[in-house]
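>>> Here is my input, please return the structure:
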Amino acid sequence: MAKIFITRNIPESGIKMLKDKGYELTINEKDRVLSRSEIIKSIKGKNYDAVLCLLTDKIDQEILDIASPSVKIFANYAVGTDNIDLKYAASKNILISNTPDVLTNSVAEHTFTLILSISKRIVEADDFMRTGKYKGWEPKLLLGSDIYGKTLGIVGLGRIGARVAHFAINGFGMRVLYYDPKRNENFEKDQPGTTYTSNIDDVLKNCDYVSIHVPLLPTTKHLINEEKLKLMKPTAYLINTSRGPILDEIALSNALKNNIIKGAGLDVFEFEPKLYSGLRKLKNLIVTPHTASATIETREKMSQMCADNIISVLEGKTPPNLVKI
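Model prediction:
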């Protein structure tokens, strides 16, 4: 009987798939992230055949050494794999899988939720109403910004970035200027109103809203820093639903305080789960706790995909969502 370790309780549909196969499951029932030492203790000497891990689990060389040679796959309950040492896993003949595309719509919708909320000052307005400050309609009360006809900058036109661009053009009549290392001419043909630039600075200088959709790599850490923020319009908004360290939060704090940009919306954080103290009391910032993919439908599907990846490997097949190094 194959044995599987699951680092945190996840939606039931994937668990059921694994149980129905007769696999022996050990699930961390604690409702928190396991520490590195707890993960090591949990898998050491247990001869698991597979590990289902989360993006909050740092799967480094020592953990991979301990998992080897019994563990055949680490199934990551996430799209990104920056929490795993992919090259070292390959050297140990351990497969890595992820859950791509399934959360594309959810994250794109959440991105637009942040765009709408910060530009229309929804959080401020909600607080204004709840605290009894509203005394009647005023011509200049909580003035926000329009979206229709404005230019949205997309940094990274992958699955999610492309879907955000689609929503912007078709749902809100926006123009889209995008930067990506690889141009997508097919997308440009399908979505008139989309323009490509090979220079990220063009996006920052010319857009009313900028949304970040790149993976976290050594080359993308602090991709948006003090210098880049100063290129943006003072009326522009910045949105990040990708990975926290892509954005220098200290620089963002200064930019928001000094009106270098008008506002920002974040779902991910540089020092996650902590929010940089300088950002905490800023009213021109909206934050959500890494919940862009947090819909019932998406999280259940991610659970199923992880299970499907594990089942495929344990049955001697290639996992459908194999991460290629």
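
>>> Just the element for the residue nearest the centre of the chain, please.
When C-alpha atoms, centre = their mean is applied to the chain, the residue found nearest the centroid is Ser242 (3.7 Å). Secondary structure assignment for Ser242, by DSSP states H and E: no helix or strand.

>>> There's contact between it and Val268 in this structure, I believe.
Yes - assessed by C-beta atoms under 8 Å, Ser242 is found in contact with Val268 at 6.5 Å. Where you see a C-beta, it was placed from the backbone N, CA and C, and this is true even at glycine.

>>> for the protein, what's the longest helix?
As assigned by DSSP state H, the longest helix anywhere in the chain is helix 296-314.

>>> all strands of the stretch 151-300 of the chain, in order?
151-155, 175-179, 194-197, 209-212, 237-240, 263-266, 285-287 (DSSP state E, counting those that start in this stretch).

>>> now for those strands, which one comes closest to Ile122?
Minimum separation from Ile122 across the strands of the stretch 151-300 of the chain (C-beta to C-beta) falls at strand 285-287, 7.9 Å.

>>> so what secondary structure elements neighbour the closest one?
helix 104-119, strand 263-266 (3 or more C-beta pairs under 8 Å, 6 or more residues apart in numbering; DSSP states H and E).

>>> Now render the ones you listed as CSV, adding mean neighbour count, distance to Lys44 and mean pLDDT.
Formatted as CSV, the helices and strands packed on strand 285-287 follow (neighbours: other C-beta atoms under 10 Å; distance: least, C-beta to C-beta, whole Å; pLDDT from 0 to 100):
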stretch, mean neighbour count, distance to Lys44, mean pLDDT
helix 104-119, 22, 35, 97
strand 263-266, 25, 37, 98
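
>>> how about CSV for these, with distance to Gly193 added?
Shown next, in CSV, are the helices and strands packed on strand 285-287 (distance: least, C-beta to C-beta, whole Å):
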stretch, distance to Gly193
helix 104-119, 16
strand 263-266, 23
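
>>> Minimum distance to Ile84: which of those has it?
Here helix 104-119 is closest among the helices and strands packed on strand 285-287 (C-beta to C-beta), at 20.0 Å.

>>> Buried residues, the very next helix or strand once past the closest one. List them.
Per DSSP H and E, the first helix or strand lying C-terminal to helix 104-119 is helix 122-130. For helix 122-130, burial by neighbour count (16 or more other C-beta atoms under 10 Å) applies to 122, 124.

>>> and what of stretch 151-158?
Going by 16+ other C-beta under 10 Å, stretch 151-158 has these buried residues: 151-158.
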